[in-house]
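Colleague: Show me the folded form of this:
(2 chains)
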Amino acid sequence: MFDESDNVRKINTINRRLFIITAAKILVFFGLTSRLFSLQVKQNNKYLTLSDKNRIRESKLHPVRGEFKDYFGNVIAGNNEVYQLHIVPEQVEDFRYITLRLKNILNLSEREFQKIHKKRKKIKAWETIVVSDNLTWEQFSKVNNYLHELIGVKTVLSISRIYPFNENYTHVLGYVSQANEKDIIDNENIKEKFVPGIRVGKTGLEKTFENVLLGENDIQRFEVNAYGRKISQLNYQKGSKGQDLNLTIDTEIQKLCTELLKDKAGSICVMDIFSGEIIAMQSSPSFDPNLFLFGINQDDWQLIRNDPMKPLLNKTINGRYSPGSTIKPIVALSALENEVINPEFTVHCKGHKHPLELYGQTYHCWKKEGHGFVNLREGMKQSCDIYFYEISRRLGVDRLSETAKKFGLGEKVFGGLFENEKKGLVPNTMWKKNALGQSWVLGETIITGIGQGFIQTTPIQLCLMTAQIANGGYKIHPKIVLNNDQQYLDKYKPLFKNSKNIKLIQKAMFSSTNEVRGTSYKSRIDDPKYRFAGKTGTAQVKRITEKDRELDLKTFEIPYEERDHALYVAFGPYKNPRYATSIIIEHGGSGGTTAAPIAKKLFKLIVDRHKLRQSVKEKKYWDI
Amino acid sequence: MSFNNFSHELTLFQKIKNYDFILLFCILILGITSIFTMYSTDGGEVLFHTKSHFVKFSIFFPMMIVLSFINIKYWHAGSYLFYILILGLLVWVALYGVTASGSRRWINLYFLNLQPSELMKIAVILCLAKFFHRIRTTSTNSFTSILVSLTIIIIPSILVITQPDLGTAILISFSGLIILWFSGLRIKYFIYSFLIFITSLPFIISFLKPYQKLRILTFINPERDPLGSGYQIIQSKIAVGSGGLTGKGFLKGTQSYLDFLPEKHTDFIFTLFSEEFGFIGSILLLLLYSIIIYRIIRAGLISRSFFSRLFCFGFSFAIFLYVATNISMVLGLLPTVGSPLPIMSYGGSSLLATMIGFSIVLSASINHRQNIS
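Modeller: Presented below is the predicted three-dimensional model:
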């Protein structure tokens, strides 16, 4: 049976074949080794990155927004601690039961209740549902009482914006609200720092300085498993708070402005005539920006949106008004500068019976009886329209517009600081040809001379104009944010040809307020410390017909929308001017009766606050 | 004392003197490594897999030593019986087997679930080794012997394919075919059948199940479905690649710890090992397998009987095949077919079969002077 020789033959074959197979094995193992080498040594970095991408998730937290402070360092837009209520569905035994309990405890509406359940469906079990992002103190304490029964529910301390002065700063600061899609698309920075529920500036300075204010996110790095569940926190990178911004505004004066504008539509702004610092700037009516923080409710929103007095409009920089007689200082100045008239130039104003007639059109003075013979000083003081018709006729609109533009009309006062600041309009012949395709008519020059017609200005422009007359005719650059101090080469560049002309205008404005028969004589302050100079203005909203002129109605007898806008520009204290202001009351009647008395109340406080303001400034220099 | 006394029974001392302690030691090292790796797959805790693997290894390892003292001639004598027994179990599986995750592979033995297809990997080698041991060289290439030997391979392969378990079926048939190779079947037959296989490949593919086709497509380009069928292989490559030269450290493999690795206890255990111990660790593991394979071949080379030699060579190739297939698979060099890494992977039947194989090899090396008639 057993054959030794056959066995040997078999063994020879098997050994030969083993040799081939072993060679193949070595080759394969060598192949595996080189594959391992290529994966683990050569491409190690690539796979290490992929592995980290697999396991590390970053989660950004809400960055802490920079604060706004007023000139004296009071916080006017701060950060407030708010209590939020979170549910982690995974930790909840019976989600429906818990939410029903919460509904009872917090008095949630049926809609809010449904919203929670809708949210629950969208997220993973271990993610967090924010039930409420602003619990009232009552709700908070009530929930805390029951917290031991509500497993999976927790109260969390978070940070939110707060505006302690409510409606006082709404138009300057704007407000923040939850970022929407447009905010994220428009601003790369928001996109980068986005976390759900992040609040970003929607209007005003909050929007302009978004990038500075936003701050850096705190970043938590988590290790997650293949299902996305957080396993452990790897590190916590502390972000930084956004930059704080100091405004030039004095809250006390701002508050007074709000008070003075109560129940009126209009604007007040106050400016330092040398530094261009805005001391106060309020537009009325205003609204409470705190309403927008957690999403405004529909009723409040409709109330604000449909208010005929337009609370959403920042009238100081967005409102365009005919300047009315407040333009007269510039008209007079332009006439003097261009040597069209001298101060003694006299015009005879004969009242309504003998209006100025030009190519069949009649131009009336505001005063029925007429002013008689008026020179420059008297014309300004009593705001005689006939006088200004005559000098603007002699001056011509082009030379007038040149001066007006020099003093800051027709261009944005803050540059790009406020996204929707209006330029207003200073017309000239070229403009009309280009814009309307028609030639300029002399009659339009006449009415431009009293601030009617095409000319349109914003209250802040009028304030700047007044400030630059008050400081002796030098250019200033208004500013509202202290940190944002740009260096201007043309600071204090003279805007006049002859400084005597500026002095003449200042004196004429003084007489308008402080001499008998002046249009704002009733609003004067006799105390030299507070004495101020100003110019009233009454801007027509609609054309005055012959019938209106005959009726000569009192302001309160005219429907609200047809009443004139009341304007007043002023500077003071007269002896040593420091501050300029412009006041506009929409449909307020005449400037002398409505707007000028406001200035009287305002100037007392402005001058009183001056010393305090000065001390802060000196202290600031000391700090340096 | 005569060396030519074939019927001489060895004393216990001689048996121990002949014992291949190097192989024994390597197996032990591999076993310990596998337990520690299993401990890591359990996330650094002694959980089910670690405990179970430890218990199985500590039963099967002594069992292997005991079995290795059985004379090789008894293995030779029992070869057919063993094969028929396992074949019977496979039929039993096909009829009454336990179904899990879509395939019927297990027999419920109350204390453990046995997977006969794993044991068949050994049984087919054993059976064919005896078959070719018993026929003359001249009749090796005869029609009848080829037919018989192919039948021995094909019957269990078909039974396993129908479970369905393509991976194991392929391993069984390759283990069988390698015996045909070693026993001296003409090389041209291998070439012809290879050519026939290549030409009929499109035909075979049309018979594959959709999930098997998907596996092949995924193998060609794993990125075509990174979260679906390509997920396993992509994550496996990431794990291995991120291990680097020295690895992330024991119990620090983030890919496996954080559950990115699928089937990390079984088929993908090498990935975890490689992630934690890096290139150096992987090379050492490959080296360990190489030593084991070498010691098995050596046992064959010193054996006087053709049966021992054939079995050892066949078994060494089988071990090589499992290791190479498994590692190639996790490195993305082969499509994912279920094939465990010997001893390292979790799975009792696979461990049992491997240990039986080792005990026969050890027996062969003890009794290498034994002639089998």
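
Colleague: what sits against the nearest residue to A:Trp366 once chain neighbours are set aside?
Modeller: Among residues not flanking A:Trp366 along the chain, A:Asp385 sits closest, at 5.7 Å (C-beta to C-beta, 6 or more residues apart in numbering or on different chains). All C-beta spots, glycine's among them, are computed from the backbone N, C-alpha and C. A:Asp385 is in contact with A:325, A:349, A:363-366, A:450, counting by C-beta atoms under 8 Å, 6 or more residues apart in numbering or on different chains.

Colleague: at 10 Å instead, please
Modeller: Each residue near A:Asp385 by C-beta atoms under 10 Å, 6 or more residues apart in numbering or on different chains is listed here: A:325, A:328, A:349, A:355-356, A:363-367, A:371, A:379, A:446-447, A:449-450, A:452.

Colleague: ok, how many other residues are close to residue 36?
Modeller: No chain was given, so I picked chain A. Neighbour count for A:Leu36, taken as other C-beta atoms under 10 Å in any protein chain shown: 21.

Colleague: that's the other chain; I wanted chain B
Modeller: B:Phe36 has 14 nearby residues by other C-beta under 10 Å.

Colleague: Let me see the contact set for it.
Modeller: B:Phe36 sits in contact with B:50, B:250-251, B:273, B:276, where contact means C-beta under 10 Å, 6+ apart.

Colleague: what kind of secondary structure is it in?
Modeller: What DSSP: H, G, I helix; E, B strand; the rest coil gives for B:Phe36 is helix.

Colleague: Report pLDDT for it.
Modeller: On pLDDT, B:Phe36 comes in at 94.

Colleague: got the buried residues for stretch B:105-119?
Modeller: Within stretch B:105-119, the residues scored as buried using 16 or more other C-beta atoms under 10 Å in any protein chain shown are B:105-107, B:114-119.

Colleague: want to throw those into JSON lines with distance to A:Ile185 and pLDDT?
Modeller: Converted to JSON lines, those look like this (distance: C-beta to C-beta, whole Å; pLDDT from 0 to 100):
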{"residue": "B:Arg105", "distance to A:Ile185": "57", "pLDDT": "84"}
{"residue": "B:Trp106", "distance to A:Ile185": "59", "pLDDT": "85"}
{"residue": "B:Ile107", "distance to A:Ile185": "64", "pLDDT": "86"}
{"residue": "B:Leu114", "distance to A:Ile185": "64", "pLDDT": "89"}
{"residue": "B:Gln115", "distance to A:Ile185": "59", "pLDDT": "91"}
{"residue": "B:Pro116", "distance to A:Ile185": "64", "pLDDT": "92"}
{"residue": "B:Ser117", "distance to A:Ile185": "60", "pLDDT": "92"}
{"residue": "B:Glu118", "distance to A:Ile185": "60", "pLDDT": "92"}
{"residue": "B:Leu119", "distance to A:Ile185": "66", "pLDDT": "94"}
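
Colleague: in the stretch 201-350 of chain B, what residue is nearest chain A?
Modeller: Closest approach of the stretch 201-350 of chain B to chain A (C-beta to the nearest C-beta) occurs at B:Gly241, with a separation of 2.5 Å.

Colleague: Tell me, how many residues neighbour that residue?
Modeller: By other C-beta under 10 Å, neighbour count at B:Gly241 equals 27.

Colleague: and the spatially closest residue to it that is not a sequence neighbour, what does it touch?
Modeller: Leaving aside its sequence neighbours, B:Gly241 sits nearest to A:Tyr47 (C-beta to C-beta, 6+ apart; 2.5 Å). Taking C-beta under 10 Å, 6+ apart, we find A:Tyr47 in contact with A:39-40, B:237-244, B:255, B:275.

Colleague: which SSE is A:Tyr47 in?
Modeller: helix A:44-55 (DSSP states H and E).

Colleague: So which bits of that helix are buried?
Modeller: Neighbour counts over helix A:44-55 (16+ other C-beta under 10 Å) mark A:44, A:47-48, A:50-51, A:54-55 as buried.

Colleague: need those residues in TSV with pLDDT and distance to B:Pro202, can you?
Modeller: Shown next, in TSV, are those (pLDDT from 0 to 100; distance: C-beta to C-beta, whole Å):
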residue	pLDDT	distance to B:Pro202
A:Asn44	91	39
A:Tyr47	90	35
A:Leu48	89	41
A:Leu50	87	35
A:Ser51	86	38
A:Asn54	81	38
A:Arg55	83	42
